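Colleague: model this:
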Amino acid sequence: MLVNLESRVEGRGVVMVPYRPLHVPKYHEWMTQPALLAATASDPLSLEEEYDNQVSWRDDEGKLTFILLDPWHGGCTGSGLKKGGPAGNSPDVDDCAKIGSRLGVKEKEWGKFEVDKMVGDVNSFFSDYEDDEGRSCSGQWAAELEIMIADPAARGKGIAREALQLFMRYISVELQQVVLFFVKIGDGNKGSLKLFKSLGFVFHKHVEVFAETELRLPVTQELRDRLETVWKAQEAIVHPHRLY
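Modeller: Okay, here's the model as predicted:
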């Protein structure tokens, strides 16, 4: 989707940037790992196919994706950062400067910064919203969410939780026709089930043939207000992002 082609989202513990060709080799390396393929229900692709996939994610108006960056991945980067990590996970976080454009990364260094710090992605697939009786509601969308923290060193730091909340807030503002978020989670993925339930998603149905559970979260004004509160608490911004 072109809506985020030239935008990045900066929170206190994660930076989300549009998926671009420079990310493909590292992403392809991730997706050769059997555990990640199984966790994401993905088929292995060749490098050439992965480049084609990147173009599809960019141009398809039914898809939206961001690459997730952990600015503390591999050590602090930037003139202001000393040590620490995402807010709430380090006693030294107050000594760290904010991330992204507030980090001290020069424009010409953003490409290398992105590849060095990329740890996963967050995605959405959009479809027409259907009511409880299965009737399609014109002009209203449902957004299926997916998130992957591919680098083991970036797990357990709160990145997925922050990224999902910022992503949902971004969608609720930029794509106001979205009236429902939902996820489909494999029965063995207990961590994802726990994460999404903690964000307010509730059980909708279990599909035995796929061994997966669908959770849903309606986009209400209460949810919009909650996401806005998180956005402000994380001091998040949408920043213009050039294609370096």
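Colleague: Quick check: Gly200 touching Leu217?
Modeller: Yes: the pair Gly200 and Leu217 passes the contact test of Cβ atoms under 8 Å, sitting 5.4 Å apart. Quick note: C-beta positions are derived from backbone N, CA and C, even for glycine.
Colleague: who touches both of those two?
Modeller: Residues touching both Gly200 and Leu217 by Cβ atoms under 8 Å, 6 or more residues apart in numbering: Leu223.
Colleague: more neighbours, those two?
Modeller: Shown here are Gly200 and Leu217; by other Cβ atoms under 10 Å, Leu217 has more neighbours (20 against 16).
Colleague: what's the spacing between the more buried one and Glu50?
Modeller: 30 Å (Cβ to Cβ, to the nearest Å).
Colleague: what's the answer for Leu69, then?
Modeller: Going from Leu69 to Glu50 by Cβ to Cβ gives 19 Å.
Colleague: in the protein, which spans are helices?
Modeller: 24-30, 34-39, 47-59, 110-117, 159-174, 190-198, 221-233 (DSSP state H).
Colleague: Find the one among the ones you listed with the highest mean neighbour count.
Modeller: Of these, the one with the most neighbours on average (mean count of other Cβ atoms under 10 Å) is helix 159-174, at a mean of 22.
Colleague: mean confidence score for that helix?
Modeller: Mean per-residue pLDDT for helix 159-174: 97.
Colleague: Now do it and helix 190-198, the angle between them.
Modeller: Counting by axes from the mean of the first three to the mean of the last three Cα atoms, to 10 degrees, helix 159-174 points 40 degrees away from the direction of helix 190-198.
Colleague: can you give me the angle helix 159-174 makes with helix 221-233?
Modeller: 120 degrees.
Colleague: what sits up against helix 159-174?
Modeller: Contacts for helix 159-174 (Cβ under 8 Å, 6+ apart): 3-4, 9, 11-14, 16, 64, 66, 68, 70, 86, 119-120, 122, 124, 143, 145, 147, 149, 178, 181, 195-196, 198-199, 219, 223-224, 227-228, 230-231, 234, 236, 238.
Colleague: With stretch 216-231 instead?
Modeller: 165-166, 168-169, 172, 178-182, 199-202, 204.
Colleague: And the furthest pair within these?
Modeller: Spatially, the most separated pair among those is Leu166 and His204, at 23.8 Å (Cβ to Cβ).
Colleague: roughly how far apart are the residue lying closest to Glu235 once chain neighbours are set aside and Ala233?
Modeller: Nearest non-adjacent residue to Glu235, counting by Cβ to Cβ, 6 or more residues apart in numbering: Arg12, 5.7 Å away. Here the criterion is Cβ to Cβ. By it, Arg12 lies 8 Å from Ala233.
Colleague: Also Leu217?
Modeller: Going from Leu217 to Ala233 by Cβ to Cβ gives 19 Å.
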